[in-house]
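> any chance you can model this:
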Amino acid sequence: MVIRQNVFCSIQTIKSLYIPETVTSIGGHFLRQCKSIETVVIKAKNPNGITLSDAEFYQCTSLVSVDMSESDITSFAQYTFFSCSS
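As a prediction, this is how the structure comes out:
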């Protein structure tokens, strides 16, 4: 399963998000400007690794927790968490 770019962009009603092991790719800016999101759990799996790109969490100003400990995320872009104030 693939999460497409901008899929949750600017949705203000999301408080938490769970991304299961069946996700193999995460598109850029997927949670950009989701200002109400507080927690994200990512368990996405891909033997080739997964990169979080610029602005994945841009302006997620309520974000307090991102658990990626059981995922295959191997790298982050420079501005993955840009403008997150929590």
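
> do you know the pLDDT at the most far-flung residue of the chain relative to its centre?
Taking CA atoms, centre = their mean, the residue of the chain most remote from its mean C-alpha position is residue 47, at 18.6 Å. For residue 47, the model assigns a pLDDT of 95.

> hmm, it is touching residue 24, no?
No - under the criterion of CB atoms under 8 Å, residue 47 makes no contact with residue 24, lying 9.1 Å away. Every residue, glycine included, has its C-beta placed from N, CA and C.

> now stretch 76-86: average pLDDT?
Rounded mean pLDDT across stretch 76-86 is 87.

> what is the distance between that stretch and the centre of its chain?
10 Å (CA atoms, centre = their mean, to the nearest Å).

> can you give me the first-to-last residue distance of it?
19 Å (CA to CA, to the nearest Å).

> got it, and stretch 70-79?
Stretch 70-79 end-to-end distance (CA to CA) = 22 Å.

> what's in contact with that stretch?
Identification of contacts with stretch 70-79 by CB atoms under 8 Å, 6 or more residues apart in numbering yields 19, 21, 42-47, 49-56, 58.

> try it again with 6 Å
Outside stretch 70-79, the residues that touch it by CB atoms under 6 Å, 6 or more residues apart in numbering are 42-46, 49-55.

> was I right about residue 38 contacting residue 61?
No - using CB atoms under 6 Å, residue 38 is not in contact with residue 61, being 10.2 Å away.

> check which helix or strand residue 41 maps to.
For residue 41, the host element (DSSP states H and E) is strand 39-42.

> can you tell me the strand partners of that strand and which way each runs?
With DSSP bridges as the test, strand 39-42 is paired with strand 16-19 (parallel), strand 65-67 (parallel).

> show me which positions of the shortest one end up buried.
This means strand 65-67. residue 66 (16 or more other CB atoms under 10 Å).

> now whichever helix or strand comes after that strand: buried residues?
The helix or strand immediately downstream of strand 65-67 is strand 73-76, counting by DSSP H and E. With burial defined by 16+ other CB under 10 Å, the residues of strand 73-76 counted as buried are residue 73.
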